[in-house]
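Undergrad: return atomic coordinates for the entry below.
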Amino acid sequence: MEKTSVGRIRWWKIALPVLLGLGFVAWMIARDFDPAIFRHVRFTPHALFFILLAFLFMVGRDLGYMIRIRLFSRGQLTWKQAFRVIMLWEFTSAVTPSAIGGTSVAVVFVHKEGIPVGRSAAIVMLTSFFDELYFAVIFPIVFFVIGGDRLFAGPLGHELMLFASIGYGLKLAYLLLLSYGLFFNPIGLKWLLTKLFSLPVLRRWRPGAVRAGRDIVRSAIEIRGYKPRFWIQSFAATFLSWSSRYLVANALFLGFFALSDHLLVFARQLAMWIMLLVAPTPGGSGFAEYLFTHFLNDVIPVETSLQVGTAAVIALLWRLVTYYPYLIMGALILPRWLGQSFGREARKTK
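TA: Take a look at the predicted model:
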C-alpha cells in the first residue's frame with residue numbers, strides 16, 4: 001500500500017469532534033439555560049421548511065464543488081466519482097485540524113479515481129487557488145460594505161477582528177505564493193520551498209514541502225493553455241459552492257426569527273470561516289460552536305439575556321447541517337473506497 005495518511009477508519013477520530021462540538025453546545029445551553037429560549041426556538045412547519053432549505057444550500061455547496069472538480073478533470077471524472085471524491089475530501093477535513101484540512105490527501109483521492117498524478121495535483125492546486133481567491137475577493141468587499149465596527153461588534157469584537165486578520169493574511173499570502181508558482185515561476189517556488197524547509201526549525205516538514213513543490217510544477221504544466229472561459233466557469237462554481245454554505249445560517253435563523261440584516265449574517269459567516277483557519281481541533285469542533293454562539297448572538301431578535309443560549313441552540317442545528325453529514329458520509333464511503341482502490345492495487349502486485 002502507498003505511504004499516505006489515508007488508512008482504515010479510526011473511530012475515535014470521528015467520535016472526538018462530535019463529543020467536542022456536542023459537549024461545548026451542551027455546556028453553553030446548560031450555563032445559559034432558560035426555558036424561555038424555547039418560546040422562540042420552536043419546530044413548527046415554518047421552521048422545518050427553512051431547516052430543509054438549509055440542507056438544500058449544502059446540496060448547492062457540494063454541487064458547486066462537483067461541477068468544479070469535473071471542470072478541472074476535463075470531464076474525466078463522472079458525477080459519481082466527483083461526489084465520492086468530495087465526500088472523502090470533506091470527511092478528511094472534518095477529522096483533522098482546520099489548518100491541515102483534507103488537501104494533504106486529496107491528490108490520492110483524485111488519483112485513485114483514474115486521474116494521472118500530474119493532473120490530480122493540478123486539480124487539488126486549482127481547488128486551493130479558487131478557494132483562496134474567493135476569500136481574497138469577497139471578504140474585503142463585505143468588510144467595506146458593512147463596516148468593521150458592525151462586522152466585529154460586541155465585547156469580543158477586537159479579539160475576533162484580530163483572529164480574522166491573521167486568518168485573512170495567511171490565506172492571502174498562500175494565494176500570492178500559489179499564484180506565483182502556478183503562473184510565473186514554478187521551478188523557482190519549488191527551489192524556495194526546498195531551501196526554506198531545510199532550515200533546522202522546519203526540517204521535519206521538508207518531505208511535505210518537497211512534495212508540494214513538485215505538485216506545483218506539475219500543476220503549472222497542466223494548466224498552461226486553459227482558456228478564459230475555463231477560469232470564469234471555475235470561479236462561478238466556486239462562488240456557488242461557498243456562498244451556498246454561508247447562506248445556511250441565514251436559512252436557519254429565518255426558521256425561527258425575522259432577520260433584519262441578512263448581509264451581516266452572511267459576512268460574519270465568511271469572517272468565521274477565515275478565523276477557523278487557526279482552530280487546533282478536528283474540523284474546528286468546539287471552536288466553531290463558540291464562534292457561532294458569541295459572534296452571531298447579537299443578530300437574534302430576542303431579549304439580551306436569552307441571546308447566548310438561543311445562539312447555542314442554533315449553533316447545534318448549524319453543525320448538524322454543515323458538519324455531521326460529512327462524518328456520516330465519509331464513514332460509509334471510505335471503507336469500501338479503500339477496499340476498491342488499494343485492494344485492487346494489492347491484487348495486481350500479487
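
Undergrad: run the chain-centre distance for the helix or strand harbouring residue 127.
TA: Taking DSSP states H and E as the definition, one finds residue 127 inside helix 117-146. Offset of helix 117-146 from its chain centre (Cα atoms, centre = their mean, to the nearest Å): 11 Å.

Undergrad: mind listing what's buried in that helix?
TA: By 16 or more other Cβ atoms under 10 Å, the buried positions in helix 117-146 come out as 118-136, 138-139, 142-143, 146. Placement of C-beta: from N, CA and C, glycine included.

Undergrad: just checking, what packs against the helix or strand following it?
TA: On the C-terminal side of helix 117-146, the closest following helix or strand by DSSP H and E is helix 148-151. Helices and strands touching helix 148-151, by 3 or more Cβ pairs under 8 Å, 6 or more residues apart in numbering; DSSP states H and E, are helix 157-183, helix 262-275.

Undergrad: how distant is the next helix or strand after the longest one from the center of its chain?
TA: So the one you mean is helix 157-183. For helix 157-183, the following helix or strand on the C-terminal side (DSSP H and E) is helix 186-196. Helix 186-196 has its C-alpha centroid displaced from the chain centroid by 27 Å (Cα atoms, centre = their mean).

Undergrad: what angle separates helix 186-196 from helix 157-183?
TA: If you take axes from the mean of the first three to the mean of the last three Cα atoms, to 10 degrees, helix 186-196 sits at 130 degrees to helix 157-183.

Undergrad: and helix 186-196, what does it pack onto?
TA: Using 3+ Cβ pairs under 8 Å, 6+ apart: helix 186-196 touches helix 157-183, helix 206-223.

Undergrad: related to what we said a few turns ago, out of the helices and strands packed on helix 148-151, nearest to residue 62?
TA: Nearest of those to residue 62, taken as Cβ to Cβ: helix 262-275 at 16.2 Å.

Undergrad: thought residue 302 was touching residue 40?
TA: Yes - judged on Cβ atoms under 8 Å, residue 302 makes contact with residue 40 at a distance of 5.3 Å.

Undergrad: who has more neighbours, these two?
TA: Each of residue 302 and residue 40 has its neighbours counted (other Cβ atoms under 10 Å); residue 302 has more, 18 against 15.

Undergrad: for the more buried one, what are its contacts?
TA: Taking Cβ atoms under 8 Å, 6 or more residues apart in numbering as the criterion, residue 302 is in contact with 40, 257, 310.
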